[in-house]
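1. Turn this into a structure:
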Amino acid sequence: MREEIIKKILIYAGGLFLFAFAVSPFLWMMVVSLSTSHRFLVDGGFQFTWEHYIGIFTQSQFLSYFVNSLIIAVVVSLVVSIFASFAGYAVSRIRFPGRVAIPLFVLAMSMFPQVSIVGYLADLFGKLNLINTHFALILPYIAWTVPLALWINMSYFTQIPLDLDKAALVDGASRTKTLVRIILPIALPGIFSSFLLVFIACFNEFLFAMMLTSSPDAQTIPVGIASFSGLYGETSWGMVMAASFIASLPLIILTLVFQRYIVQGLAAGSVKG
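-> Numbering: from 1, shown residues only. Next comes the predicted model:
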C-alpha cells in the first residue's frame, strides 16, 4: 500500500514537473509581451499594455510573414503527405526489386545538414530567379521533410493486414483504388500525424528561410521575428515575445485539438497486425 502511494506521488510530481517545464516558457513569453518593459522584475512592477501587439501589426510586416509561413507550410504538408502516402504504400505493400533500398536511400539523403547545402541552393535558385519566392522554400522543404513522412507512413502501412489488399484485388479493384478506398481511410491517423509534424517543421524552419529570402513578401515568421532587432535598433523584446506568442498559437491549437487522433493513430500503428 505504501509503495503504491509513493508511486502515485512520484508519477504526479513527474507529470507536474513536465507540465511546468513545457508551459512556463510560453507563460513567460505571454507575460513579457503584455508588459511595458521586459525588465519588470528588476525595475519593480508589472505594467500592463497592448502596445506590443498593436505594434507588430502596425509597425512591421508581421501579417505578411504569418501568411507566407501558413501558405508554405500547408502546401508542403499536402504535397509531402500525398507523395509519402503513395510511396509508403508502394514500398511497404508491393514486392518489387530495390524496394528495401529506397527508404534507406531517402533516409541517407536526409542526413546531410542543412548548412552544407543551403549555399548551393542559394546559387541555383539565384540563377533560376527563384530567390524571394515561395517556391524557393517550398521545394527544399519538400525534399527536407519527405523522409520523415515516408518513414511514419511506412511504419503504419506495414501494420495493416495484407489480406485487405488481396481481397480488394480479387474483387477487381486496381492498386490505386485499393489505396484510396481501403488503405488510406485506415491509415488516416498515421498520415495526419506525419502531416502535422511536417507542418510544424516547415512553420518553424529558419535557416533556409533566412538564406533564400530577403523580402517581407516571401520571408516567414522565424526570419521576420529575428529581423525585429534590425528594424528597431535595440531589440524590442516585448514585440518579439508578442509576435512569438501569436506565431505559436496555431501550432498549439492544432496540437491540442488533434492530439487524441495523433496519439491514437501512432499507437494503433504500433500494435496492429
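2. Please count neighbours and contacts with C-alpha atoms only from this point.
-> OK.
3. Now do the buried residues in stretch 121-130.
-> Across stretch 121-130, burial judged by 16 or more other Cα atoms under 10 Å covers 121-122, 125, 130.
4. again but with stretch 97-117, I slipped
-> If you call a residue buried by 16+ other Cα under 10 Å, then stretch 97-117 has these buried ones: 103, 106-107, 110.
5. Next step: these restricted to helices.
-> Counted as lying in helices by DSSP state H, out of those, are 103, 106-107, 110.
6. pretty sure residue 200 is touching residue 249, no?
-> No - using Cα atoms under 8 Å, residue 200 makes no contact with residue 249, being 11.8 Å away.
7. If you count surrounding residues, which of these two has more?
-> The neighbour comparison of residue 200 against residue 249 (other Cα atoms under 10 Å) goes to residue 200, with 20 against 11.
8. The more buried one falls within a helix, correct?
-> Yes - if the criterion is DSSP: H, G, I helix; E, B strand; the rest coil, then residue 200 is within a helix.
9. give me every residue that touches it.
-> Shown in contact with residue 200 (Cα atoms under 8 Å, 6 or more residues apart in numbering): 73, 251.
10. got it, and residue 134?
-> Contacts of residue 134 by Cα under 8 Å, 6+ apart are 68, 72, 218.
11. Could you check how far it is from residue 111?
-> 24 Å (Cα to Cα, to the nearest Å).
12. What are the phi and psi values at residue 118?
-> Dihedral pair for residue 118: phi -70, psi -30, per degrees, to the nearest 10.
13. ugh, wrong one, I meant residue 34
-> Here is the backbone geometry of residue 34 (degrees, to the nearest 10): phi -100, psi 10.
14. Low-confidence stretches in the chain?
-> Low-confidence segments of the chain (pLDDT under 70): 1, 38-39, 41-45, 229-235, 260-273.
15. Residue 68 reaches residue 219, doesn't it?
-> Yes - counting by Cα under 8 Å, residue 68 touches residue 219, with 6.7 Å between them.
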